[in-house]
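A.B. asks: Provided below are the primary sequence and the corresponding predicted coordinates.
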Amino acid sequence: MPEIYDVIIIGAGPAGMTTALYAARSNLKILLLEQGTQGGQMNNTAEIENYPGFASIMGAELSFKMYESLTKFGIEITYGVVQRIEVNENNKAVITEDKMYTTKTIVIATGAVHKRLKIPGEAEYVGRGVSYCAICDGAFFRDKELIVVGGGDSAVEEAIFLTRFASQVTIIHRRNSLRAQKIIQNHAFANSKIKFLWNTLVEEVQGDEQSVTQVRVKNKQNNSSNTIPCNGVFIYIGLNPHSEPFFNLGITDQNGWIKTDAHMKTNIPGIFAIGDVRKKTLCQITTAVGEGAIAAQQIYLYLQKTES
């Protein structure tokens with residue numbers, strides 16, 4: 001007979017790890033399934049200044065602290081890439097590339113991935129000057145000139161982080177003002193290494209076939225085009241939900257975001273969704289943690305009801 005878990009949590013970001021922690025305290029049999037590194041997008045975040053209890057903490061450090069707390073409960077953690085979920089009469093199956101797991105409930109906490117500009121040169125120069133992770137790649141650009149594309153929290157925060165290495169960082173934004181939180185904007189405006197290019201679109205990444213050398217941009221107001229020399233391009237224009245393996249379930253909207261109620265329930269009993277893959281208005285570590293706690297409580301109540 002296959003081993004049957006009380007809950008399988010797909011994704012070990014802050015939401016998934018919090019669900020595992022709370023579910024373990026309810027003495028549930030848990031499998032935490034991750035395809036990469038525990039912490040998710042936190043590992044790609046340089047400095048976090050809005051998580052309670054820490055004036056400032058690096059994303060990778062917070063990821064490790066959350067993961068470390070799970071080890072005390074003996075939670076089973078494994079790695080695999082989920083292909084699909086199958087819903088059977090009594091239980092549910094999570095199918096990875098090489099194994100099938102059986103469970104009573106599922107929490108989808110797969111997060112989101114960075115959007116691409118989908119412009120010429122972007123894909124060609126990924127890893128050779130184009131990046132979506134400042135903390136991963138920033139140190140490779142010491143004393144170089146960099147471009148950051150975007151105007152939200154992530155773009156501005158990562159631009160600030162990149163000034164630790166780069167000689168100059170230019171934030172290119174398609175609007176005439178930033179969308180980032182005011183306190184983050186203030187930090188950026190006060191940083192002498194950061195310049196801003198407003199109402200501008202990046203149309204092409206250009207290079208010498210070895211690395212990025214410049215970008216071609218267009219001014220939205222007068223349609224003029226020109227090139228800007230640079231050694232690297234960091235792109236932060238939003239996120240797409242990582243929900244492709246679940247399209248067959250009918251739990252997403254037309255853009256792939258998973259729809260839930262306030263209790264993190266999808267329209268399939270026993271399947272929950274939390275974190276950045278969920279359709280919502282605020283994607284923060286704090287909201288992910290809160291959703292994880294709610295999901296764990298709802299799983300416990302669901303199991304009590306279905307097994308009574």
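C.D. replies: Structure received.

A.B. asks: from now on I want contacts and neighbour counts done on CA atoms only, so please keep to that.
C.D. replies: Noted.

A.B. asks: same question for stretch 179-193: list its buried residues.
C.D. replies: Residues of stretch 179-193 classed as buried: R179, A180, I184, Q185, A188, K193 (neighbour count, 16 or more other CA atoms under 10 Å).

A.B. asks: identify the farthest-apart pair in those.
C.D. replies: Greatest spatial distance among these (CA to CA): R179 and K193, at 19.9 Å.

A.B. asks: sorry, back to before: next step: the buried residues of stretch 179-193 restricted to strands.
C.D. replies: Under the assignment DSSP state E, these contribute nothing to strands.

A.B. asks: wait, which of the residues you listed is closest to L33?
C.D. replies: A180 (32.5 Å).

A.B. asks: coming back round to it: okay, and which of the buried residues of stretch 179-193 map to helices?
C.D. replies: Of the buried residues of stretch 179-193, the ones assigned to helices by DSSP state H are I184, Q185, A188.

A.B. asks: got the phi/psi numbers for the residue nearest to K115 when sequence neighbours are not counted?
C.D. replies: Using CA to CA, 6 or more residues apart in numbering and skipping residues adjacent in sequence, the residue nearest K115 is L239, 5.1 Å away. Per-residue torsions, L239: phi -130, psi 150 (degrees, to the nearest 10).

A.B. asks: with V7 instead?
C.D. replies: Here V7 shows phi and psi, under degrees, to the nearest 10, equal to phi -150, psi 140.

A.B. asks: quick check, pLDDT for the residue nearest to K115.
C.D. replies: Model confidence at L239, expressed as pLDDT, equals 89.

A.B. asks: for N219, same thing?
C.D. replies: N219 carries a pLDDT value of 97.

A.B. asks: how about the contacts made by it?
C.D. replies: N199, T200, L201, S225 (CA atoms under 8 Å, 6 or more residues apart in numbering).

A.B. asks: follow-up on the earlier one: out of the ones in helices among the buried residues of stretch 179-193, who's nearest S243?
C.D. replies: Nearest to S243, judged by CA to CA, of these is I184 at 30.0 Å.

A.B. asks: near K280, how many other residues are there?
C.D. replies: Neighbours of K280 under the rule other CA atoms under 10 Å: 13.

A.B. asks: next: L282.
C.D. replies: Per other CA under 10 Å, the neighbour tally for L282 reads 11.

A.B. asks: middle-most residue in this protein, spatially?
C.D. replies: Nearest to the geometric centre of the chain sits Q41, at 3.9 Å (CA atoms, centre = their mean).

A.B. asks: correct me, but it touches G13?
C.D. replies: Yes. Using CA atoms under 8 Å, Q41 is in contact with G13, at 7.2 Å.

A.B. asks: common neighbours of those two, please.
C.D. replies: Taking CA under 8 Å, 6+ apart as the contact rule, the neighbours common to Q41 and G13 are G111.

A.B. asks: how is the chain divided into domains?
C.D. replies: 4-113+239-307, 116-235 (automatic domain parsing).

A.B. asks: first vs last residue of the last one, how far apart are they?
C.D. replies: So that's domain 116-235. Distance across domain 116-235, first residue to last, is 8 Å (CA to CA, to the nearest Å).

A.B. asks: quick one: which of the contacts of N219 is nearest to S308?
C.D. replies: L201 (58.7 Å).

A.B. asks: SS state for the closest one?
C.D. replies: Under DSSP: H, G, I helix; E, B strand; the rest coil, the three-state class of L201 is strand.

A.B. asks: for it, what are its contacts?
C.D. replies: Applying CA under 8 Å, 6+ apart, we find L201 in contact with I172, H173, R174, V217, K218, N219, K220.

A.B. asks: what's the answer for I183, then?
C.D. replies: So I183 contacts nothing (CA under 8 Å, 6+ apart).

A.B. asks: and it, how far from I10?
C.D. replies: Counting by CA to CA, the gap between I183 and I10 amounts to 34 Å.

A.B. asks: count of residues packed around V277?
C.D. replies: That count, for V277 with other CA under 10 Å as the rule, works out to 24.

A.B. asks: run a quick check on it versus N255, I expect a contact.
C.D. replies: No. Using CA under 8 Å, V277 makes no contact with N255, being 10.9 Å away.

A.B. asks: and the closest residue to D253 other than its chain neighbours, how many neighbours?
C.D. replies: Among residues not flanking D253 along the chain, K259 sits closest, at 6.7 Å (CA to CA, 6+ apart). Neighbours of K259 under the rule other CA under 10 Å: 20.

A.B. asks: list the contacts of the helix or strand harbouring V233.
C.D. replies: Assessed by DSSP states H and E, V233 sits inside strand 232-235. Applying CA under 8 Å, 6+ apart, the external contacts of strand 232-235 come out as 116-117, 128-134, 141, 144-150, 155, 212-213.
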